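Undergrad: need a 3D model of the following:
(one chain, ligands or ions: 1)
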Amino acid sequence: MEDYASSSSSGSAIRFLLNDLDSSLNDCEKSLSDFDLPSPSEFPDQSTHIPSLILEERSVPVPPEDLLSREKLNPGQRYAFDVILDFVHQNRSLVFFIDGPGGTGKTFLYRTILAAVRSEGRIALATTSSGIAVIMMPGGRTAHSRFKIPIPTLPTSTCKISKQSELAALLREASIIIWDEAPMTHRYAFEALDITLKDLLNCDLPFGDRLHENMRAKSDASFSDMLLRIGNGTEPYISGDMIRIPDDMIIPWENELSLNHLINEIFPNMSTNAFDRSFITGKALIPPRNRNVDILNHQIIQLFPGQAHTYYSFDFVENDTNNLYQPEFLHSISPGELPPHKLTLKVGALIILLRNLDPKNGLCNGTRLLCHQFYVNFILAEIITGSFAGQLTLIPRIPLKSSEDVKLPFVLTRKQFPIRLSFALTINKSQSQTIPHVGIYLPDHVFTHGQLYVALSRGTSKYNTKVLVRNGSLDGLSGVYTRNVVYTEVLQPP
Ligand SMILES: Nc1ncnc2c1ncn2[C@@H]1O[C@H](COP(=O)(O)OP(=O)(O)OP(=O)(O)O)[C@@H](O)[C@H]1O
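TA: I've put the predicted structure just below:
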């Protein structure tokens, strides 16, 4: 409360405090009402000052490199930028859809728009569907937290924003709202926001644009072209839905030991390279499933030099008064969304956060970090993903509950650090990240739309993207093949 004492009145100070508290709780999918705390609007402002939410947005720093990005936009990005900025300048409303496969520069475009609009003293709200995308945009927040979209979101849901609230004032004041990775969110969330915004402001018809050029791999034109063909489903198919992977990307499958060849290709000479920060942070192995992630991480931490530090979790099931669930059984449960019971780490090891601890400060579900030091109840680690890269942070040990997705007949509570090793991560978790040196391990062929494209498009060139396919041979044909799942109807304009 002392930090808020300089506010013009005690009512304002309490309101500031409640607003900040509410925003932090929203990041963890909770709200003030969950803790019987009053709403900020119960503490009216006696002064004529600008609402704190508006001040907060106005103070989001504009990175100088984002201002310079305007000069680097490719023709597709430039067109979208010009049209959108025109609407902003004319104070006109329209909904724009920017579409394009991973790596075509959507986030780059959003950051350029945010910087341009904010540098004019206007308000630009940056929101995203996933926690990890938040840290890719300065001032980013998850859409659920920013718009107070209820969870679960039902067909009749509306956002919890009253007309008199500071948030309503912020939305009215905003010149632009950007929602990254919008298709990942259920349509009920958009309908809830649509109804709410219609009540607060006026929106018009949608407008769409599609980006085509893969910017992540632009230094390797043939790779970039191949990626777009794979993403569009136009790479030639052989024997149903199989495509051939170029020979120079292949690590041949001979037997189980071939996995070591892939690991050595991406993480060579670990005993000398492990403490070279730039070596270790630009790399990852990406298989489709969590169980393969665990196998790979286990193998790499063994190769990693230094003393192992192991943390064991405390596991329990609430209200299990008859001790039905023995600790040994609970320890053996290890779904990808929870940390393992036995967490073995080393200084310099790569880890990934499994919860949104503090999205405003870069600690989201999906943030990758480097371990620096181990304490009993904290780990000192350095963020390596997104705009907070380079910052040191303390990760606490916290209780984590299993979700319904794990399909257990009870809720498991595990007290552990909310992290896993991340030398390897699933293809889905790798989305939105550029990983210059990537090894794709396909013990099974991919199974969902666009997944092969996501895996292959993490890298920046053919030469540092390697692929190991377990069942990649086709009768009578040379070369290595894997499945590419593309539902072309998903790519058609409405
Ligand atoms: N016009 C540009 N000039 C230079 N670099 C660019 C340009 N556009 C994008 N990039 C770079 O290309 C890479 C991929 O861009 P970005 O992350 O914006 O793609 P994306 O479409 O958001 O990908 P994803 O969907 O995988 O998150 C980034 O390293 C980005 O800095």
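
Undergrad: CA only for contacts and neighbour counts going forward, please
TA: Fine.

Undergrad: nearest residue to Tyr381 other than its sequence neighbours?
TA: Not Tyr; residue 381 is Ala. Cys371 (4.5 Å; C-alpha to C-alpha, 6 or more residues apart in numbering).

Undergrad: residues in contact with the one you found?
TA: By C-alpha atoms under 8 Å, 6 or more residues apart in numbering, Cys371 lies in contact with Leu345, Lys346, Val347, Gly348, Ala349, Leu350, Ile351, Ile379, Leu380, Ala381, Glu382.

Undergrad: as a markdown table, those residues with neighbour count would be great.
TA: As requested, the contacts of Cys371 are exported to a markdown table (neighbours: other C-alpha atoms under 10 Å):
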| residue | neighbour count |
| --- | --- |
| Leu345 | 22 |
| Lys346 | 21 |
| Val347 | 20 |
| Gly348 | 22 |
| Ala349 | 24 |
| Leu350 | 26 |
| Ile351 | 26 |
| Ile379 | 17 |
| Leu380 | 17 |
| Ala381 | 24 |
| Glu382 | 22 |
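
Undergrad: so the residue nearest to Ala381, which of the three states?
TA: In three-state terms, and counting by DSSP: H, G, I helix; E, B strand; the rest coil, Cys371 is strand.

Undergrad: okay, it: pLDDT?
TA: pLDDT recorded at Cys371 is 97.

Undergrad: let the chain start at 274 from now.
TA: Okay, residue one is now 274; in that scheme the one you just asked about reads as Cys644.

Undergrad: distance of it relative to the ligand?
TA: 24 Å (C-alpha to the nearest ligand atom, to the nearest Å).

Undergrad: now swap in Ser551 and tell me
TA: 16 Å.

Undergrad: in a helix, that residue, correct?
TA: Yes - under three-state DSSP, Ser551 falls within a helix.

Undergrad: residues of stretch 436-445 that come out buried?
TA: Residues of stretch 436-445 classed as buried: Glu439, Leu440, Ala441, Ala442, Leu443, Leu444 (neighbour count, 16 or more other C-alpha atoms under 10 Å).

Undergrad: dump stretch 432-445 to CSV, keeping only the CA atoms.
TA: Extracted in CSV, the C-alpha atoms of stretch 432-445 (Å, rounded to 0.1, in the frame of the first residue of the first chain):
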residue,chain,number,x,y,z
CYS,A,432,-16.8,-10.0,-20.4
LYS,A,433,-16.9,-8.8,-16.8
ILE,A,434,-16.4,-5.1,-17.7
SER,A,435,-18.8,-2.5,-16.3
LYS,A,436,-19.4,0.7,-18.4
GLN,A,437,-18.0,2.9,-15.6
SER,A,438,-14.8,0.9,-15.0
GLU,A,439,-11.3,1.9,-15.8
LEU,A,440,-11.0,-1.0,-18.2
ALA,A,441,-14.0,0.3,-20.2
ALA,A,442,-12.3,3.7,-20.3
LEU,A,443,-9.1,2.1,-21.5
LEU,A,444,-11.0,0.2,-24.3
ARG,A,445,-12.7,3.4,-25.4
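
Undergrad: can you give me the neighbour number for the closest residue to Arg502 other than its chain neighbours?
TA: Nearest residue to Arg502, sequence neighbours excluded (C-alpha to C-alpha, 6+ apart): Glu508, at 4.9 Å. Counted with other C-alpha atoms under 10 Å, the neighbours of Glu508 add up to 17.

Undergrad: can you check the one 3 residues further on too?
TA: Residue crowding around Ile511 was assessed by other C-alpha under 10 Å; the count is 13.

Undergrad: repeat that for Thr415.
TA: Neighbour count for Thr415, taken as other C-alpha under 10 Å: 25.

Undergrad: tabulate the buried residues of stretch 436-445 (TSV), appending pLDDT and secondary structure.
TA: Formatted as TSV, the buried residues of stretch 436-445 follow (pLDDT from 0 to 100; DSSP: H, G, I helix; E, B strand; the rest coil):
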residue	pLDDT	secondary structure
Glu439	85	helix
Leu440	87	helix
Ala441	86	helix
Ala442	86	helix
Leu443	89	helix
Leu444	88	helix
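
Undergrad: picking that back up, just the contacts of Cys644 now: which is nearest Ile422?
TA: Using C-alpha to C-alpha, Ile624 comes nearest to Ile422 of the contacts of Cys644, at 30.3 Å.

Undergrad: how about the closest one, what does it touch?
TA: Arg641, Leu642, Leu643, Cys644, Ile692, Arg693, Leu694, Ser695, Phe696.

Undergrad: my reading is that it is in a strand; is that accurate?
TA: Yes - counting by three-state DSSP, Ile624 is part of a strand.

Undergrad: can you list the residues of the protein near the ligand?
TA: 345-347, 374-381, 488-489, 704-705 (C-alpha under 6 Å from any ligand atom).

Undergrad: the residues you listed: which two are farthest apart?
TA: So, the residues of the chain next to the ligand by C-alpha to C-alpha: farthest apart are Lys345 and Gln704, at 23.5 Å.

Undergrad: more crowded one of those two?
TA: Legend: neighbour count by other C-alpha under 10 Å for Lys345 and Gln704, higher for Gln704 (19 against 12).

Undergrad: now that one: how far from Ile671?
TA: Here Gln704 is placed at a distance of 26 Å from Ile671 (C-alpha to C-alpha, to the nearest Å).

Undergrad: still on that earlier bit, and the contacts of Cys644, which of them are in helices?
TA: Cross-referencing these against helices under DSSP state H gives no overlap.

Undergrad: just send these back as JSON lines, with pLDDT too.
TA: What follows is the contacts of Cys644, written out as JSON lines (pLDDT from 0 to 100):
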{"residue": "Leu618", "pLDDT": "97"}
{"residue": "Lys619", "pLDDT": "97"}
{"residue": "Val620", "pLDDT": "96"}
{"residue": "Gly621", "pLDDT": "94"}
{"residue": "Ala622", "pLDDT": "96"}
{"residue": "Leu623", "pLDDT": "95"}
{"residue": "Ile624", "pLDDT": "96"}
{"residue": "Ile652", "pLDDT": "97"}
{"residue": "Leu653", "pLDDT": "97"}
{"residue": "Ala654", "pLDDT": "97"}
{"residue": "Glu655", "pLDDT": "96"}
